[in-house]
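Fold the following and give me the result.
(chains A, B, C and D, ligands or ions: 2)
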Amino acid sequence: MINVVLGVIGFDCHSVGNKILEAFFVESGFKVTNLGVMVSQEEFIDAAIETDARVILVSSLYGHGEIDCAGLREKCIEKGLENILLYVGGNLVVGKTPPDEVERKFLKMGYDRVFGPDCELEKVVELLNGDLEAKKDCD
Amino acid sequence: MINVVLGVIGFDCHSVGNKILEAFFVESGFKVTNLGVMVSQEEFIDAAIETDARVILVSSLYGHGEIDCAGLREKCIEKGLENILLYVGGNLVVGKTPPDEVERKFLKMGYDRVFGPDCELEKVVELLNGDLEAKKDCD
Amino acid sequence: MNSFMLSRENFDKIRQEILLTWPTGKDLSLEEGIAYQKQIPPEKNFAVAMRQASENKETLIQPRAGVALIQDHIKLLQYLETEGGADLLPTTIDAYTRQNRYQEAAVGIEKSLQARTSLLNGFPAVNHGLAGCRQVTEAVKSPIQVRHGTPDARLLAEITLAGGFTSYEGGGISYNIPYAKKVPLQKSIDDWKYVDRLVGIYEENGVRINREPFSPLTGTLVPPFVSHVVAIVEGILALRQGVKSITLGYGQGGNLFQDLAALISLKNLAREFFAREGFDDYELTTVFHQWMGGFPEDEAKAFSVISWGASVAVLAGADKVIVKSPHEAMGIPTKEANAQGLKCTRQAINMLRDQVFPIGRKHQAEIDQIEKEVRCIMNAIYRLGNGDVEAGVIAAFAAGAMDVPFAPSVHNQGKILPMRDNEGFIRVFNKGNLALDDEIMDYHRGKLEERAAAEGRQVCFQMVTDDIYAISKGRLVGRPK
Amino acid sequence: MNSFMLSRENFDKIRQEILLTWPTGKDLSLEEGIAYQKQIPPEKNFAVAMRQASENKETLIQPRAGVALIQDHIKLLQYLETEGGADLLPTTIDAYTRQNRYQEAAVGIEKSLQARTSLLNGFPAVNHGLAGCRQVTEAVKSPIQVRHGTPDARLLAEITLAGGFTSYEGGGISYNIPYAKKVPLQKSIDDWKYVDRLVGIYEENGVRINREPFSPLTGTLVPPFVSHVVAIVEGILALRQGVKSITLGYGQGGNLFQDLAALISLKNLAREFFAREGFDDYELTTVFHQWMGGFPEDEAKAFSVISWGASVAVLAGADKVIVKSPHEAMGIPTKEANAQGLKCTRQAINMLRDQVFPIGRKHQAEIDQIEKEVRCIMNAIYRLGNGDVEAGVIAAFAAGAMDVPFAPSVHNQGKILPMRDNEGFIRVFNKGNLALDDEIMDYHRGKLEERAAAEGRQVCFQMVTDDIYAISKGRLVGRPK
Ligand code: B12
Ligand code: B12
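Ligands and ions are numbered 1, 2, ... in the order given. You can find the predicted model right below:
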């Protein structure tokens, strides 16, 4: 079973989507470590190391995503998580913004995939399985 | 008392605004000849000649204003109504259109003043009195 | 066959003349039209859709839409179907065609080609003819209806029904009084007999065409009993010609409780009078029109009016709702604005469809009131017609016993003055010669006095004007500033 | 002075510490704050506005809004006041400030200056300090309120009340359970005692500040009795500290009749329990929140949700409605989108304000049901607290006798699973340890079985998920596809 770490970053308290994501990823066959809301970058990384996770699923709903999410990739590398996938999703920036603009921003920060609040979870899991497969080949 | 001719041009059946305009202009001290809805250019001109009107108030609500209103100025001149004021108002063209664009079109057709459906009738009467005053000076 | 039915002989005689009034009529074959209709699948039949909506307690949504050119019209309808999610499609006919001015419509088509945009306020179906209509009806997946406002709609009916439309709006009263100035009522009623008979002939040949009288009339402060009387009379006239699928309507008045009462009473009353006329074999469904009077210009406010109309439609259990757009106050909507109206409506319907409105005692009283009013006018109609509803309704309009507010027709007395009461119910301020009894008028007057007292002014004509502007200025009751 | 009231001595002790937690607190003077508040004219006082709305049976409208920089925030509020026509203004506080992370807020201000746009999701009032707050409150004409979500809101309260805000949202439960993860309930309740006492001190010095517990909680399928219990308990806790102007709220559930029943029962219940606690000298008003759960992304659909919320607010007679924008699903609204939400709401309110909803027998039954549920939980709270509501509510949360669905706090059991019944009423599927008696649960279960039967599936967890997404996907009840 593949380990994933899930949580809502920063000082964000939006818990409803988090509970749904947990239920969905469990049902899709992943072993989910759900850190809940208000998770710091350090907590994400520690949990990923501890559980030997292949991907971190970061949520940010409340608008501070741009500030809170910056630097996670660098910190992962620092801590030796060179190969980990970083997925991020939610209402990532303040204000209604074209999705491709948001995507560009977060790809540049080092996230592998960027999702809006309207993403279909089935599709996410499909992409994730593909990405995990591709990573395997790299290993 | 100043005579005005009022009506809805073409094959337009919108009668509510017409009834309100009649009531308002009567109350504002004009002698109103209301031709009602579905009035042809000829009927407007005949009524204006008959009543020695100083202004024709043309309504068009249904969208065919561009077609129906064209040529009224020329016909007025033809029939010797060189000095008559032509006011037009309503939903003059098909589709939501910037008011200044509509105004330009109808000024070009020879109308003296062009009004949208949102016009304040008090203002219209004010403008009319001003225009009538100015015309007097020209006479 | 009942004694009121237009004979086939007369029908054929009229038909020959009518088809010659514009070149596109010349080669029409009724048999070919029926054969063509027979191969239209049931999921595209309007009558079937309405019946199913009623059975499944669904509220279908339908926009208004029509532009000058065939290809543009098709694109528009397809957009409303896919992007807008319309259940039912319209083809709104332009105002020249409505007045049988096909020559002017031809000019409009020409100018639209030049301007690369529609200069007509609808689709000139007669000019486009049978082939043009079939292009349209074949290009869409949903049932599609002709919506117009045509006192003499005989040629239009011949062409569009043979052209694959499966529903036809209008009637001899509702497409005359609000839409014409000088057409005698007897003339439009006779012409609509022809249309209804045409539908009857399709019916007898196995093709069910839906018919929908136009209930909102002038769309402006029409008390429920006024539009109900027109709907019921036109229903009877249609049934007499063999029509079987009838959709009666009501245009939103604005007060939730009056609107609920209106839609509930409409079905009861129609059944009552249809039975009185000896009819029991028909499919009766209902349509609710979102606010038909002046709209607010601001689009956010317009959305509010649209959503509220949708909410009432579904709470009242209408089988279909006719949808407005956020452009309503300004002009014929773009396809995008039209789709926005549909989406806003769909959301409201889906949020409310499961909610059951319990009809309490106060609601029932309002239903009873409307029923009383309608019976009062209908009785006058029967009296004036010596028992016949057709003769009676013509006499009633002539005498003002039946009267539509703010209508353009000279054959309507136009003495009735409606007005909102303190809760926004549309009542009668001045009955003119309306055949309403004193008890009813006392009730209305009492309600209006409540409002006058609340506003600290006398019941007066200014209130009527204020009420006409009210919704567009962002209220329901036109209070003094 | 009652026995629960925080003594002035303790208050002053806490105050000294609190003011030192960020430089802007250092020189605050309570006396100067009171003096400043005294010269604010009554038409800018929130408590006065709420009382008058209640007396005049008006429904006031208020947006949410807050950006990082003072000048931008002022422009935003002025726009909502003039263009949007808001009756009441907010200042929504950013999420760093809510967690007392003033350092992070400072970074957010810095980055916002660089980016020339707000990177914060609200106005960092503590960082901007007294002078910044006064700039804001002096720049607007309407009463203005602090809206946030802060478990420890003591410094924020000191600064903003001295800064001229006349209403303060929140409470020790409602700003903890949905907004925090690890803050113990006793801690947040204690910290809010300070806030309420601060308001009480202003009150005793002749300045009435309005207090509004945050009722929607997680905004997601919260049954009325759950939010009512929190509202009532926080009302009592506020009254104990000398607060006199209290606005209790309710977040739209979606079913018209449940929402009406909820708002009607809320006032009755609050009066009942306030009396039980010995309070009779207070001003009680109500607020209705337009749909607080996931919104549809499409703006036309969002308008429909907004309008529907406004309609219910006014039919239910709420004194104020909190307004959403068509951008809700996507991000913090632009000022234009925010104003659109206000206009849409205003139109609905004005169209419906004159309409009187008659409360029939079925409505009364739903009111009775909610009252029964609230009394059931409240009795458990009193029992667990040995008669004291504060101790009781903390114990009840610990035991799960009181439980909020989908909340992030570890001090909430989160075992309750709400679900919609067949008509869209929010019921309880899994009560966890909630102190609801069997009769109540049988009623809920029966209602849910009706839905299960209608959908041809068992009552199951999937229904909860479906219901969470429902409104955003354009329905009320999350039916299977
Ligand atoms: C009620 C109504 C109807 C009723 C009319 C009943 C009747 N007999 O009066 C019915 C349902 C029958 C109807 C029919 C049609 N209608 Co219509 N109707 C309306 C509606 C909703 C309100 C009109 C109204 O009564 N307003 C209240 C009065 C008081 O305001 P008013 O008419 O605007 O008049 C005021 C001002 O315009 C101004 N004014 C008017 N004329 C003049 C002239 C001067 C000189 C001045 C100074 C001022 C002035 O002062 C008036 C008084 O305040 C409008 C949209 C809206 N406004 O919300 C559409 C609207 C006018 N209709 C429209 C159309 C297209 C039609 C139809 C062709 C059907 C169709 N294709 O949809 C048919 C017309 C057929 C025909 N032969 O004319 C369109 C016109 C589109 C455009 N211009 O692009 C509109 C704008 C709706 C829309 N957005 O599509 N309609
Ligand atoms: C309910 C709600 C609240 C509740 C939350 C209760 C709770 N504890 O959960 C309350 C009222 C408390 C609240 C508070 C606030 N909220 Co709020 N809230 C919402 C709302 C209406 C719904 C959120 C929700 O539950 N949706 C349902 C769930 C199922 O969907 P979801 O959360 O989007 O999650 C899904 C997807 O995003 C996606 N997803 C999420 N993360 C990830 C990660 C990955 C890797 C993937 C693949 C997918 C994915 O999958 C999830 C499941 O389908 C949204 C707006 C909306 N969506 O309509 C605003 C919204 C998220 N809130 C917002 C804000 C700003 C706040 C506040 C800061 C207050 C404020 N300034 O207005 C505070 C937050 C304080 C804090 N410390 O965090 C903003 C964010 C603005 C922005 N990004 O520009 C929103 C968008 C509203 C708005 N338009 O202003 N909120």
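
Verify the assumption that C:His409 is located in a strand.
Actually, residue C:409 is Ser. It isn't His. No: when classified by DSSP: H, G, I helix; E, B strand; the rest coil, C:Ser409 is found to be coil rather than part of a strand.

Distance check, it against C:Ala180.
6 Å (CB to CB, to the nearest Å). Heads up, the C-betas are built off the backbone N, CA and C, glycines and all.

A:Glu101 too?
55 Å.

out of these two, which sits in the busier spot?
C:Ala180 (28 against 9; other CB atoms under 10 Å in any protein chain shown).

next one: phi and psi at that one?
Dihedral pair for C:Ala180: phi -140, psi 170, per degrees, to the nearest 10.

Just give me the residue closest to the centre of chain A.
In chain A, the centroid-proximal residue (CA atoms, centre = their mean) is A:Leu57; its distance is 2.3 Å.

does that one sit in a helix, a strand or a coil?
On the three-state scheme (three-state DSSP), A:Leu57 is labelled strand.

which residues sit in contact with the closest residue to chain B within chain A?
Nearest residue of chain A to chain B (CB to the nearest CB) works out as A:Lys96 at 23.3 Å. The contact partners of A:Lys96, taken as CB atoms under 8 Å, 6 or more residues apart in numbering or on different chains, are D:His327, D:Met330, D:Gly331, D:Pro333, D:Thr334, D:Ala337.

Of these, which belong to helices?
Those of the contacts of A:Lys96 mapping onto helices are D:Ala337, per DSSP state H.

Local confidence estimate at the residue in chain A positioned nearest to ligand 1?
Nearest to ligand 1 in chain A, going by CB to the nearest ligand atom, is A:Lys96, at a distance of 27.8 Å. At A:Lys96, the predicted lDDT confidence score is 92.

wait, does the helix or strand harbouring C:Met351 contact chain A?
For C:Met351, the host element (DSSP states H and E) is helix C:335-352. No: counting by CB under 8 Å from any CB of the partner chain, chain A has no neighbours in helix C:335-352; the shortest distance is 15.2 Å.

For chain D, tell me whether that helix is touching it.
Yes: Helix C:335-352 comes into contact with chain D (CB under 8 Å from any CB), by way of C:339-348, C:350-352.

quick one: the longest helix that chain A contains to strand A:55-59, angle?
With secondary structure taken from DSSP H, chain A has its longest helix at helix A:121-138. With axes from the mean of the first three to the mean of the last three CA atoms, to 10 degrees defining the directions, helix A:121-138 sits at 150 degrees from strand A:55-59.

ok, and for helix A:121-138, which residues are buried?
Neighbour counts over helix A:121-138 (16 or more other CB atoms under 10 Å in any protein chain shown) mark A:Leu121, A:Val124, A:Val125, A:Leu127, A:Leu128, A:Asp131 as buried.

and what of stretch C:392-412?
C:392-398, C:400-409, C:411-412.

residues touching the residue nearest to the centre of chain A, list them.
Shown in contact with A:Leu57 (CB under 8 Å, 6+ apart): A:Val4, A:Val5, A:Leu6, A:Gly7, A:Leu21, A:Phe25, A:Tyr87, A:Val88, A:Gly89.

and the fourth one, how many neighbours does it have?
Pointing back at A:Gly7 there. By the criterion of other CB under 10 Å, A:Gly7 has 23 neighbours.

didn't it look like it was pressed against A:Val37?
Yes: if you go by CB atoms under 8 Å, A:Gly7 and A:Val37 touch, sitting 7.4 Å apart.

and for those two, which residues touch both?
Common neighbours of A:Gly7 and A:Val37, using CB under 8 Å, 6+ apart, are A:Asn18.

Could you pull out the buried residues of stretch A:78-89?
Of the residues in stretch A:78-89, A:Leu81, A:Ile84, A:Leu85, A:Leu86, A:Tyr87, A:Val88, A:Gly89 count as buried by neighbour count, 16+ other CB under 10 Å.

backbone phi and psi for the last one, please?
Here the main-chain torsion angles of A:Gly89 (degrees, to the nearest 10) amount to phi -160, psi 170.

Do the helix or strand bottoming out on mean pLDDT in chain A and ligand 2 come into contact?
In chain A, no helix or strand scores lower on mean pLDDT, DSSP states H and E than helix A:121-138, which sits at a mean of 90. Yes: judged by CB under 6 Å from any ligand atom, helix A:121-138 comes into contact with ligand 2 at A:Val124.

beta partners of the residue lying closest to the residue nearest to the centre of chain A once chain neighbours are set aside?
Among residues not flanking A:Leu57 along the chain, A:Leu6 sits closest, at 4.6 Å (CB to CB, 6 or more residues apart in numbering or on different chains). Here A:Leu6 sits in beta bridges with A:Asn34, A:Leu57, as judged by DSSP bridges.

What's the separation between A:Leu6 and chain D?
To chain D, A:Leu6 is 14 Å away according to CB to the nearest CB, to the nearest Å.

separation between that residue and A:Val39?
Between A:Leu6 and A:Val39 the computed distance is 9 Å (CB to CB).

C:Leu120 is in contact with C:Ala105, isn't it?
Yes: assessed by CB under 8 Å, C:Leu120 is found in contact with C:Ala105 at 6.8 Å.
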